[in-house]
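Engineer: got a predicted structure here, sequence first:
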Amino acid sequence: MSQGQQEKENNSVGFADSLREIQGEYMMLGELYEKQKSYGQRLSEMMKTMQFEVDTVIPIRPEALGRPCRAAYLVSEGVVVVFDSSGAMTSKPLSTLPSESIISIIQECTPELQRLLTEKRRTESNKVKSMERVLKELKKAQATFKQTKRDEGVADEDEEEAASPSEAQGPQKEAAEVAAQPRNSRDSFAFRGSFGEKQAAQVSQ
């Protein structure tokens, strides 16, 4: 094989190797793009969820956008609103912006989000504490009411027990009263004397 043919074959092999390397780089680059897109969407969803809790528009400094503008805001649903120098407004979802813009905007808005969430958490905590205090007072009142009802029930039972002996003595009392009533003259006559005198008394009657 001549030197020219050998060099040609070497060049062909080198060219094929380069194509394979380029193809590999392209595939890895595509995977990185997909990851950036996926991560951008996840970050945007997280910001959207946290901002939904505070329900507040968060201002963004123009420096965070990397381009001059009059004003910029992160509004609900994770949308970035930008007013350019002439006052024209554009709006885009955070997830559709370049990766560097997403990161910069999140870093810009995170401190304010943290402050707002902390403030809301304290407010809700105070509400919960107030409700707990009211609930405890209601439980105490309920317990006192139940104890009062139990005490009244015991008092009623004592009154019934105190009244029951007199009721039981009623028939006995009535029997005693009947026994105390005077009998007729014959039954109640108590003869005192001899047997003959008693007969005479019966004959005379």
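Structural biologist: Cool, got the structure.

Engineer: phi, psi for Lys92 please.
Structural biologist: Phi and psi for Lys92, reported as degrees, to the nearest 10, are phi -140, psi 140.

Engineer: show me what contacts it?
Structural biologist: Val79, Val80 (C-beta atoms under 8 Å, 6 or more residues apart in numbering). For glycine as for every other residue, the C-beta is placed from the backbone atoms N, C-alpha and C.

Engineer: pLDDT score assigned to it?
Structural biologist: Note on Lys92: pLDDT of 92.

Engineer: residue ranges with poor pLDDT in this structure?
Structural biologist: The model of the chain has pLDDT under 70 over residues 1-13, 154-205.

Engineer: so which residues of it form helices?
Structural biologist: 3-54, 62-65, 99-180, 185-188, 195-204 (DSSP state H).

Engineer: ok, Ser99 to Gly24 distance?
Structural biologist: 22 Å (C-beta to C-beta, to the nearest Å).

Engineer: then Gln142?
Structural biologist: Counting by C-beta to C-beta, the gap from Gln142 to Gly24 is 74 Å.

Engineer: and for Leu117?
Structural biologist: Distance of Leu117 to Gly24, given as C-beta to C-beta: 44 Å.

Engineer: which one's more surrounded, these two?
Structural biologist: A count of neighbours by other C-beta atoms under 10 Å puts Leu117 above the other of Leu117 and Gly24, at 14 against 10.

Engineer: does the more buried one really touch Glu53, like I thought?
Structural biologist: Yes - if you go by C-beta atoms under 8 Å, Leu117 and Glu53 touch, sitting 6.3 Å apart.

Engineer: gap between the nearest residue to Ser95 once chain neighbours are set aside and Glu119?
Structural biologist: Ranked by C-beta to C-beta, 6 or more residues apart in numbering and with sequence neighbours excluded, the top spatial neighbour of Ser95 is Ser44, at 3.7 Å. Using C-beta to C-beta, Ser44 is found at 23 Å from Glu119.

Engineer: which one of those two has more residues nearby?
Structural biologist: Ranked by neighbour count (other C-beta under 10 Å), Ser44 and Glu119 place Ser44 first, with 22 against 11.

Engineer: can you tell me who Tyr73 pairs with across the strands?
Structural biologist: Pro59, Val81 (DSSP bridges).

Engineer: and it, how many neighbours?
Structural biologist: 15.
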